[in-house]
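Novice: output the structure for:
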Amino acid sequence: MQIKLIVIRTNEPEKLANFYSLLGLVFEYHQHGNSPFHYSAVIGETVLEIYPLAKNQTEPDKHLRLGFTVDNFEQILEKLRQNEVIFSAPTNTAFGFLTLASDPDGRKIEIYRK
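Specialist: Residues are numbered from 1 along each chain as shown. You can find the predicted model right below:
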């Protein structure tokens, strides 16, 4: 089994796509049929999509937690610093060497060194 699709909803799709681009994701801006325009990036065989909030949704879900393993860990930390993203001091854990940041909506993001 593998994860095929993750959809994140936000009231600021472009801002969120810009944040995840700092981690190395490359987004396309498009729509499927009558769906809203949204951002889409491929991670291996998984698609990460950033959609605007649904009609009945008043705020983003901040409880989703994502983790990314990256090849260029130190370079990404420098990009985060340059963009004034606050993150924890990198540390060794039972799951790997990582830092913890928050995306613009407040979701916790784990960034692991490969």
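Novice: only C-alpha atoms from now on, for both contacts and neighbour counts.
Specialist: OK.
Novice: tell me the mean pLDDT over stretch 32-48?
Specialist: Mean pLDDT, stretch 32-48: 96.
Novice: give me the contact list for it.
Specialist: With C-alpha atoms under 8 Å, 6 or more residues apart in numbering as the test, stretch 32-48 has contacts from 3-8, 13-14, 17, 25-31, 49-52.
Novice: mind checking the SS state of the spatially most central residue of the chain?
Specialist: The residue lying closest to the centre of the chain (C-alpha atoms, centre = their mean) is residue 20, at 4.3 Å. Of the three states, residue 20 takes helix under DSSP: H, G, I helix; E, B strand; the rest coil.
Novice: so what's it closest to, chain neighbours aside?
Specialist: Leaving aside its sequence neighbours, residue 20 sits nearest to residue 103 (C-alpha to C-alpha, 6 or more residues apart in numbering; 7.9 Å).
Novice: can you count the residues close to the one you found?
Specialist: Burial of residue 103 is recorded as 18 neighbouring residues (other C-alpha atoms under 10 Å).
Novice: which residues touch it?
Specialist: 16, 19, 20, 109.
Novice: quick check: it vs residue 79, distance?
Specialist: 14 Å (C-alpha to C-alpha, to the nearest Å).
Novice: look up the residues forming beta bridges with the residue nearest to residue 27 when sequence neighbours are not counted.
Specialist: Nearest residue to residue 27, sequence neighbours excluded (C-alpha to C-alpha, 6+ apart): residue 41, at 4.6 Å. Counting by DSSP bridges, residue 41 forms beta bridges with residue 48.
Novice: and residue 41, how many neighbours?
Specialist: Residue 41: 18 neighbours (other C-alpha under 10 Å).
Novice: setting aside sequence neighbours, what's the nearest residue to residue 101?
Specialist: The shortest distance from residue 101 to any non-neighbouring residue, by C-alpha to C-alpha, 6+ apart, is to residue 87 (4.3 Å).
Novice: thank you, goodbye.
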